[in-house]
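**Student:** Here is my input, please return the structure:
(one chain, ligands or ions: 1)
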Amino acid sequence: MTAWSSSSEAPWSREEFERQLRALGRYYHFHHPYQKMMAAGELTREQMQGWVINRYYYQINIPRKDAAVLANCPDRDVRRRWIQRIIDHDGDDRNEGGIAAWLALGDAVGVSRERMTSLDEVLPGVRFAVDAYHNFARQQPWQEAVCSSLTELFAPDAHRSRLETWPRHYPWVDRAGLAYFENRLGQAREDVRHGLALTLDLFDTRERQERALEVLRFKLDVLWTMLDAMYLAYVVGMPPYHAVPEGD
Ligand SMILES: O=C(O)c1cc(C(=O)O)c2c(n1)C(=O)C(=O)c1cc(C(=O)O)[nH]c1-2
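**Tutor:** Purely as a prediction, here's the structure:
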């Protein structure tokens, strides 16, 4: 055991552990300059479209990530509940699901289905970040993948903010497109209840609890890095290779 390791210390109480997880909310992407511009009505149509196009790559990878959790999890009770996340995004006979709702959000901001689903405009930085999340869920223990979903603890504030500020600041966005955010408010509450209870149960030593905080930091980095890539490309005006002269 190394001198800096605190693994021999007593575990935090559930309340203290939950408090530490929630305290990481200060690094949530809601506080990124791109999101702040969005909430303040400062994004141009192109910047809004760029966000919707790039976030689509996140949306289509969420159910694949959740399928990886199912594949790695031997606990039937956990799988029975976790499978709902895939249905929430992919839809079923009764409900079109979140990916369809995100395409409708594209319609509302003037992004055609072909443009969105081609993935041609997904920035490399966004692709790398999202792939890192998907690969994490495939390769790490399923308990860590469960924990990494806990950024959803902080998502309802972001969804509510968009529902409240977009109609005021972006009257050109068709309101029907905001259904995605409305739907997520209820779904995220359920997801968080389950994901948080599992995390509090499973990470039951100080070493595991500290690992859980690291895992949540990783996921916060994924979300923040996506917005860094968008900020550089669409706000600073430096998309990848922008300074490379056109070849012949
Ligand atoms: O718009 C957002 O700010 C936001 C953030 C997050 C998140 O924190 O990962 C998710 C979502 N939305 C979301 O809609 C969603 O379905 C979702 C699933 C997950 C996940 O990690 O399993 N995060 C998120």
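
**Student:** does Val122 count as helix, strand or coil?
**Tutor:** coil (DSSP: H, G, I helix; E, B strand; the rest coil).

**Student:** For it, what are phi and psi?
**Tutor:** Here is the backbone geometry of Val122 (degrees, to the nearest 10): phi -70, psi 120.

**Student:** what about the nearest residue to it once chain neighbours are set aside, how many neighbours?
**Tutor:** Nearest non-adjacent residue to Val122, counting by C-beta to C-beta, 6 or more residues apart in numbering: Tyr57, 4.6 Å away. C-betas here are computed from N, CA, C, even on glycine. Tyr57: 19 surrounding residues under other C-beta atoms under 10 Å.

**Student:** gap between Tyr57 and the ligand?
**Tutor:** As judged by C-beta to the nearest ligand atom, to the nearest Å, Tyr57 and the ligand stand 13 Å apart.

**Student:** Repeat that for Val173.
**Tutor:** Taking C-beta to the nearest ligand atom, one finds Val173 at 15 Å from the ligand.

**Student:** For this protein, give me the ranges with low pLDDT.
**Tutor:** Within the chain, the stretches with pLDDT under 70 are 1-7, 248.

**Student:** Near the ligand, which residues of it are found?
**Tutor:** 62, 98, 149, 151-152, 155, 158, 184, 223 (C-beta under 6 Å from any ligand atom).

**Student:** Select from these every entry located in helices.
**Tutor:** 62, 98, 155, 158, 184, 223 (DSSP state H).

**Student:** got a list of what the third one touches?
**Tutor:** Yep, that's Ala155 we're talking about. Shown in contact with Ala155 (C-beta atoms under 8 Å, 6 or more residues apart in numbering): 184, 188.

**Student:** same check, this time on the second one
**Tutor:** With contact set as C-beta under 8 Å, 6+ apart, Gly98 has these partners: 59, 62, 88-89, 91, 180, 183-184, 187.

**Student:** and the gap between the residue of the chain found nearest the ligand and Tyr28?
**Tutor:** Nearest residue of the chain to the ligand (C-beta to the nearest ligand atom) works out as Thr151 at 3.3 Å. In this structure, Thr151 and Tyr28 are 7 Å apart, going by C-beta to C-beta, to the nearest Å.

**Student:** can you map out the helices along the protein?
**Tutor:** Using DSSP H, helices in the chain cover 14-23, 33-39, 45-72, 76-90, 98-109, 113-117, 124-139, 142-148, 155-169, 179-202, 206-230.
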